[in-house]
Each structure stands twice: as C-alpha cells, then as structure tokens.
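>>> Need coordinates for the following:
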Amino acid sequence: MSNRFTQYILAAMVLGIVMGAAIYNFLPDTRGEWASAINLIAMMFLRLIKMIIAPLVFATLVGGIAHMGSGSKLGRIFAKTMGWFISASFISLLLGLVMVNLLQPGANFPGTLPAAGQSTGLPVSAFSIEKFLTHLIPTSIADAMAQNEILQIVIFAVFFSVAMGSMPERSKPILAMIDDIGHIMLKVTSYVMLFAPLAVWAAITATVAKNGLAVLWKLIVFMGGFYLSLMILWAILVIVGFIVIGPRYSHLLKLVREPLMIAFSTASSEAAYPKTLEALNRFGASSRISSFVLPLGYSFNLDGTMMYCTFAAVFIAQSYHIDMPLGTQLAMLATLMITSKGVAGVPRASLVVIASTLSQFNIPEAGLLMIMGIDTFLDMGRSATNVIGNTLATSVVAKWEGELGPEHAMGPGDAVPDDMIPGEVPAMAGHG
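Have a look, this model is predicted:
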C-alpha cells in the first residue's frame, strides 16, 4: 500500500506538469481562471491539514511530555534539540554563502534589473526580533490553535504538561483523555492524507498553468545553482544521518519519501507534518521525542530556508554589482542566524527575512522582484529540505536519548499502532 501511495503521488506530479503546460500553452486567455479553479483543490487539502495540525500537535506533545518523567529530562532534550538546530542552521547558512560565491549566479545577470527604489510590497516592517519574542507567548491558547501558531501551542503545551506531571493523581483522567485524542487525531490524519495525490496534482497543475515552464529559463543559472546547493546540503544531512544513526538510516529515507513529495509538490512543509510524524514513529523514534522535537523544528530548524537566505541575498548583491567583502558577508550570516529564527507566523517568511536583511546592508530590496516570480518553484526545494532536516534532527535526538526502537510496519491507511501514541510507548528497556 505504501509503495502504491508513493506511485500515486509521482503519477499526480507528472500529470500535473503535463496538464498545467497544456493549459498554459493552449488556453492562454483563460489560464488564470483555470489555475485559480484547480488550485482550490490544493487549498482545500491544505486547509484540511491546518484543521488537524493544532489538535495533533497539542495531543501528541502533551502526552509525550507528561510521560517523559522528570523535568530535568525535558530540559536535557530541549538543550540537545536546540544545540542541533543552531548547528544545522549555521551549516546551512554557511553552505549557501560558500556556494553563491563559488557559482556567482548574479555576475553578468542577463536580465533587466528592477529599479533600486522599487517596492516589493513585502511586510518588512512586520518583522522584528522584539515582535518575534512577544509572539512566542500566546495571549490565548484558543487563538493560538485557531491560527495554527505551532510555536505558541508548543509553549502552552510544555507548561500544561509539566503542571500535569506535578499533579499525577489528579491528571490521570485528563492524560487518558489526551491519549485517546492522540489516537483519534492520528486516525483522522490517515483519512486526510488519502486526498494527498489529488492535492499534489492540483498544486502542480495550477502552478505550471499560471507561470508556465518558460519562466524557469529566465533565471536558470540562479535556480540551477540553488538546487545544486540543496543537493549538497542533502548529501551532508544524509552522511551525518548515517554517521550518527548507522545503516538503518536508509530505512528512514525510504519512509519519508511520501512527506518529501507532498512538501515538494505543494511547496508547504506544513502539509507534510502529519506524514513526517507518522514516518518517524514507524521508524521507531519514541513519540515522546518526535512529538516534542518536530514541532520545534518547524520554527527553528528550516535548513532549506536558511540556505536560501544567504544564497538569495548575495545573489542580489552580485546582480547589482555591490561589493561584499568577506567580513560583510560573515556579518550578514550572523544577522541571519538571529533574524531567521523569527520566521514563525510570518507570511512568505523567507522573502520577508531576506528583505529585512538586505536593507541593513544597503542592498536594494527591489532585487527580490527578480526571483519572486519563481519563488514557488524554489519553495518546493526548500520545503522538501526542511522535511529532511527535521526528520534527521528528531531521529538523532531519539538516538541520543536511547529512545530509538524497532520499526513499525504500517501503510498510509492503516490503523495507528498503540505504541505510536505518546502515552503508550513501551518501557525504555525496549529502546536503543
């Protein structure tokens, strides 16, 4: 069933490219309307995903932390997780910086450059470290769940579960209910994901029908260099995975094929969240770990987005023939290490972060107009890379904590095994 599901998604991607190209070339007067109509299917799927994200994150995270034991263990896991995220972010940013200097995609740019003072329309003023820090704390958990603010849900869930752990007798019925909700939400997830191939077809068809494939050739050097850099980043992540986890890491790569293709075709890491969580649990990562590390990763460990920030920023500087000495580029890297952590909850986050950074280094923000037209195609690669980075981070932390157990055999429409629910993970003697 799993192999067939993967084949359905691949077939949907190919069919979407063919149908999108046909609409773009043979229905030029109505291709916009066709793209909008077909994109409704993809948008409905993404709304279904958003519908289940908040209760899924809350139930699995609270159950996982409540069964984790002492608060010191939670602190240790958090420290290991953030240490990994910071290291991965630095490597991603540095690789983007190295590759853009080696490839020089902006040198002798053949197209017409936008006027330096032209506005991009991006809400740059909406982004600041101060706003991000205050954005961490929800003013209302109901509002946070309604807005799918994953980081705010994580903050509340940590306080809630730690409080439950301090009142074990009173918390038993609530914890049992949360475990049941976890079961139910994972089952709901399996139903929602059955629509993934249709959503993949719609997303690809709408994107190609609206933009055509010819738009890619205008910036083929930039896109080629960026995807080459992504491939190198993937290679680094895979090598690290084999070093830390061992030969069985190859099994995880097979398990994440579906979330990878979903993230790539829909250009949304969020769309792949349920399947990514399922793949990690099937791989044997304890739900106590995966339900804690993965939501944090969606805010702090976006490896593909990190690399894109330095790659795109220096590309724009090269296009405008702005000299950037090594010291300036390293200062930009340090700036992005901080500002890129504020992407949670900001629409078109990577573009907003880049625009904010460009202004600090006197690089025309208008340069983003060159790449905004192909941003969806770039976002596909970024989203897939984010999935790879977060699955690696979660499995590594599980390995370090001795909570990486045997694999579970499970198809995409199958019932969720009991030992994949945070409250029902086997004793630790069976892990490691």
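>>> could you measure Thr139 against Gln147, distance?
The gap separating Thr139 from Gln147 is 11 Å, by CB to CB, to the nearest Å. For glycine as for every other residue, the C-beta is placed from the backbone atoms N, C-alpha and C.
>>> which one of these two has more residues nearby?
Just comparing Thr139 and Gln147: by other CB atoms under 10 Å the higher neighbour count belongs to Gln147, 15 against 9.
>>> so after the top helix by length along the chain, what's the next helix or strand?
In the chain, assigned by DSSP state H, the helix with the most residues is helix 31-66. For helix 31-66, the following helix or strand on the C-terminal side (DSSP states H and E) is helix 71-103.
>>> Buried residues in that following helix, which are they?
Going by neighbour count (16 or more other CB atoms under 10 Å), the buried part of helix 71-103 is 74, 77, 80-81, 84-85, 88-89, 91-97, 99-100, 103.
>>> what are the ranges of the helices in the stretch 251-400 of the chain?
Counting by DSSP state H, counting those that start in this stretch, the stretch 251-400 of the chain has helices at residues 257-266, 273-283, 287-300, 303-319, 326-339, 349-360, 368-372, 375-400.
>>> Could you export those helices as JSON lines, including mean neighbour count?
As requested, the helices of the stretch 251-400 of the chain are exported to JSON lines (neighbours: other CB atoms under 10 Å):
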{"stretch": "helix 257-266", "mean neighbour count": "25"}
{"stretch": "helix 273-283", "mean neighbour count": "26"}
{"stretch": "helix 287-300", "mean neighbour count": "26"}
{"stretch": "helix 303-319", "mean neighbour count": "27"}
{"stretch": "helix 326-339", "mean neighbour count": "16"}
{"stretch": "helix 349-360", "mean neighbour count": "21"}
{"stretch": "helix 368-372", "mean neighbour count": "20"}
{"stretch": "helix 375-400", "mean neighbour count": "24"}
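>>> of all those helices, which lies closest to Glu407?
helix 273-283 (5.8 Å; CB to CB).
>>> Might you calculate how far that closest one sits from the centre of the chain?
Averaged C-alpha coordinates place helix 273-283 at 14 Å from its chain's average position (CA atoms, centre = their mean, to the nearest Å).
>>> CA-only coordinates of stretch 53-69, as CSV, when you get a sec.
Presented in CSV, the C-alpha positions along stretch 53-69 are these (Å, rounded to 0.1, in the frame of the first residue of the first chain):
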residue,chain,number,x,y,z
ILE,A,53,-2.3,20.4,12.9
ALA,A,54,-3.2,22.1,16.2
PRO,A,55,-5.1,19.3,18.0
LEU,A,56,-2.5,16.8,16.6
VAL,A,57,0.5,18.8,17.9
PHE,A,58,-1.2,19.5,21.3
ALA,A,59,-2.4,15.9,22.0
THR,A,60,0.9,14.2,21.0
LEU,A,61,3.1,16.9,22.6
VAL,A,62,1.2,16.9,26.0
GLY,A,63,1.1,13.1,26.0
GLY,A,64,4.7,12.8,25.2
ILE,A,65,6.0,15.3,27.8
ALA,A,66,3.6,14.1,30.5
HIS,A,67,5.0,10.6,30.1
MET,A,68,8.6,11.8,29.8
GLY,A,69,9.2,11.8,33.5
